[in-house]
Every structure is written in C-alpha cells, then in structure tokens.
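Asks: requesting a structural model of the entry that follows:
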Amino acid sequence: MKFRLFICGENTSSNLAVRNARRLVQGLNGNSHDLEIIDVLDSPELAEEARILATPTLLKEDPAPLRMLVGDLSDLKRVRSILQLPAEVEYEKNDGGHQ
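Replies: You can find the predicted model right below:
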C-alpha cells in the first residue's frame, strides 16, 4: 500500500498526524507499505498536484481507489474504515498470565 501524508511545517497538528500515520501503517499486515511525508511548505508543487487544500491530509494512493482523509488521524479505527483498510493486526499479549 502507498500512503502520502501532507503536513504544513513543524507544529502540534503535523506532529500528531505523522505519529498517527506511522501507527496506522505499522498496524497493517505485510511488509510492502510505503508512507511518504510531504511538508507543503517545502514542496508546494506536490500539494498542488495532489489538490491538497488543507493539512494534515492523508492519501491512500495504492491500491485504487484513491482515498483522502483530512485531520490528525487520532481515531485509527475510523481512519481504517474511511480508507477501506483491514482492521489492525492483533498481536499476542504476554501480560502475566491473563487468559
């Protein structure tokens, strides 16, 4: 899967979106997930090309169809649903004998 996250500079909103996007990608099955982070202050042409009007914006480009989500991505369950992604990978928990 290919994702592009558009942010605007170093600020709380951008930092939160980057952290949440990384959590999202890490929670997906498989190894072939690409997250590109684009600062629109450094690369305004990329934002214009992608028709980004607000930041932070996450694009899921591949596989099609293209999906776009604006915001800090805090609610990962909602983000997965909107982007039509599978549920988060469930890891086995070793928490001292809870069954």
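
Asks: tell me, what residue is most central in this structure?
Replies: Closest residue to the average C-alpha location of the chain: A21 at 3.2 Å, with Cα atoms, centre = their mean.

Asks: wasn't that one part of a strand?
Replies: No: applying DSSP: H, G, I helix; E, B strand; the rest coil, one finds A21 to be helix, outside a strand.

Asks: find the nearest non-adjacent residue to it, please.
Replies: L5 (4.7 Å; Cβ to Cβ, 6 or more residues apart in numbering). All C-beta spots, glycine's among them, are computed from the backbone N, C-alpha and C.

Asks: can you give the contact residues for the helix or strand where that neighbour lies?
Replies: Per DSSP states H and E: L5 is located in strand 2-7. Strand 2-7 is contacted from outside by 13-14, 17-18, 21, 24-25, 33-40, 46-47, 50, 52, 55-62, using Cβ atoms under 8 Å, 6 or more residues apart in numbering.

Asks: next up, the contacts around the residue nearest to the centre of the chain.
Replies: Per Cβ under 8 Å, 6+ apart, neighbours of A21: 3, 5, 35, 37, 58, 73.

Asks: buried ones only from the residues you listed, please, as a ChimeraX command.
Replies: Buried residues within the contacts of A21, by 16 or more other Cβ atoms under 10 Å, are selected in ChimeraX with:
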select :3,5,35,58,73
